[in-house]
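Visitor: could you work out the structure for the sequence below:
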Amino acid sequence: MRADRVFVYGATAGLIGDLLLGDPRHGHPVAAFGRAADAVERVLWRDHRGWGALHTAVCAGGAAAGAALLARGAGRRPALSVALTAAATWTVVGGA
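Guide: Residues are numbered from 1 along each chain as shown. Down below sits the predicted model:
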């Protein structure tokens with residue numbers, strides 16, 4: 001399946017998922033990211049710009065690396081790629 005179709009199908013499924021699920025009280029990936037960032041902050045916090053930059057790099061870099069590993073793992077499996085695109089879309093849209 002072509003990459004543009006994977007994106008269209010996944011984004012559409014993610015938007016539909018947001019309409020149906022919205023932001024559940026438990027289990028939303030953004031809330032999980034917030035808890036993880038809070039835990040990292042408790043370990044790394046110092047009143048210093050460099051430590052703040054490290055916190056940002058760990059949090060953003062960890063999220064990006066995780067997404068890259070998942071995308072790489074999906075490889076040429078279109079159904080898995082569509083599912084990952086749908087999950088990412090549902091996570092970041094926040095429409096409902």
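Visitor: helix/strand/coil for Ala39?
Guide: What DSSP: H, G, I helix; E, B strand; the rest coil gives for Ala39 is helix.
Visitor: three-state assignment of Asp47?
Guide: coil.
Visitor: run a quick neighbour tally on it.
Guide: Residues near Asp47, counting by other Cβ atoms under 10 Å, number 6. To be clear about C-beta, it is placed using only N, CA and C from the backbone, and glycine gets the same treatment.
Visitor: can you check the pLDDT for Gly27?
Guide: With respect to pLDDT, Gly27 has a value of 75.
Visitor: what residues does it make contact with?
Guide: If a contact means Cβ atoms under 8 Å, 6 or more residues apart in numbering, then Gly27 has no contacts.
Visitor: find the helix or strand that it is a member of.
Guide: According to DSSP states H and E, Gly27 maps onto no helix or strand at all.
Visitor: how near is it to Ala86?
Guide: 16 Å (Cβ to Cβ, to the nearest Å).
Visitor: ignoring the adjacent residues along the chain, who's closest to Phe33?
Guide: Once flanking residues are discounted, Phe33 sits nearest to Ala63: 6.6 Å by Cβ to Cβ, 6 or more residues apart in numbering.
Visitor: any idea how far whatever helix or strand that neighbour lives in is from the chain center?
Guide: Assigned by DSSP H and E, Ala63 belongs to helix 49-74. Averaging C-alpha positions (Cα atoms, centre = their mean, to the nearest Å) puts helix 49-74 10 Å from its chain's average.
Visitor: which strands or helices does it pack on?
Guide: When contacts are defined as 3 or more Cβ pairs under 8 Å, 6 or more residues apart in numbering; DSSP states H and E, helix 49-74 packs onto helix 29-44, helix 78-93.
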